[in-house]
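K.L.:
Sequence plus the predicted model coming up.
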Amino acid sequence: MKGPNKKAVKIDPPSEDAPHLDMTGKGAEPESTIKNIQVKVPISKHAEMKAFAAENHMSISAMMMEAYKMFKATKK
C-alpha cells in the first residue's frame with residue numbers, strides 16, 4: 001500500500017530586506033536583553049534562597065547577579 005502522494009513544495013528564500021528575528025543575541029545590547037538560564041538546586045535550598053532574596057527586597061535573579069559579581073571580583 002502506498003502512502004499519500006506528496007508533492008515537493010518549493011519556497012523561495014526570503015529577500016535580503018525581509019524582516020527577520022535575530023535569535024543569536026549577537027546584535028543585542030548586553031544589559032537590555034534578558035536570557036534565561038536554568039540552575040538546578042535542591043528544593044530545600046530553593047526555598048532558602050527565595051526567602052533570603054525576599055528578606056533583602058530582591059528577586060532570586062537579582063540575588064544571583066549580585067553573587068556572580070562578587071564571585072567574579074574574587075577571581076581577578
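P.N.:
That came through, no problem.
K.L.:
List the buried residues of stretch 55-65.
P.N.:
For stretch 55-65, a neighbour-count test (16 or more other Cβ atoms under 10 Å) marks residue 63 as buried. C-beta here means a position set from N, CA and C on the backbone, and glycine is covered the same way.
K.L.:
Between the two ends of it, how far is it?
P.N.:
16 Å (Cα to Cα, to the nearest Å).
K.L.:
Run the chain-centre distance for the longest helix that the chain contains.
P.N.:
Scanning the chain for the longest helix, with DSSP state H as the assignment, gives helix 60-74. Helix 60-74 sits 17 Å away from the centroid of its parent chain (Cα atoms, centre = their mean, to the nearest Å).
K.L.:
Which element, helix or strand, includes the residue nearest to residue 59 when sequence neighbours are not counted?
P.N.:
Excluding the flanking residues, the one nearest residue 59 by Cβ to Cβ, 6 or more residues apart in numbering is residue 53, at 6.1 Å. Using DSSP states H and E, residue 53 maps to helix 43-55.
K.L.:
That helix vs helix 60-74, what angle?
P.N.:
90 degrees (axes from the mean of the first three to the mean of the last three Cα atoms, to 10 degrees).
K.L.:
Now do the same for helix 43-55: mean pLDDT, whole number.
P.N.:
For helix 43-55, mean pLDDT rounds to 94.
K.L.:
try stretch 59-76
P.N.:
Here the average pLDDT along stretch 59-76 is 92.
K.L.:
Need the contact partners of that stretch.
P.N.:
39, 49, 50, 52, 53, 56, 58 (Cβ atoms under 8 Å, 6 or more residues apart in numbering).
K.L.:
Near the fifth one, how many other residues are there?
P.N.:
By the other Cβ atoms under 10 Å criterion, the neighbourhood of residue 53 contains 17 residues.
K.L.:
got the contact list for it?
P.N.:
59, 60, 62, 63.
K.L.:
In JSON lines: those, plus distance to residue 34.
P.N.:
Converted to JSON lines, the contacts of residue 53 look like this (distance: Cβ to Cβ, whole Å):
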{"residue": "59", "distance to residue 34": "12"}
{"residue": "60", "distance to residue 34": "14"}
{"residue": "62", "distance to residue 34": "12"}
{"residue": "63", "distance to residue 34": "16"}
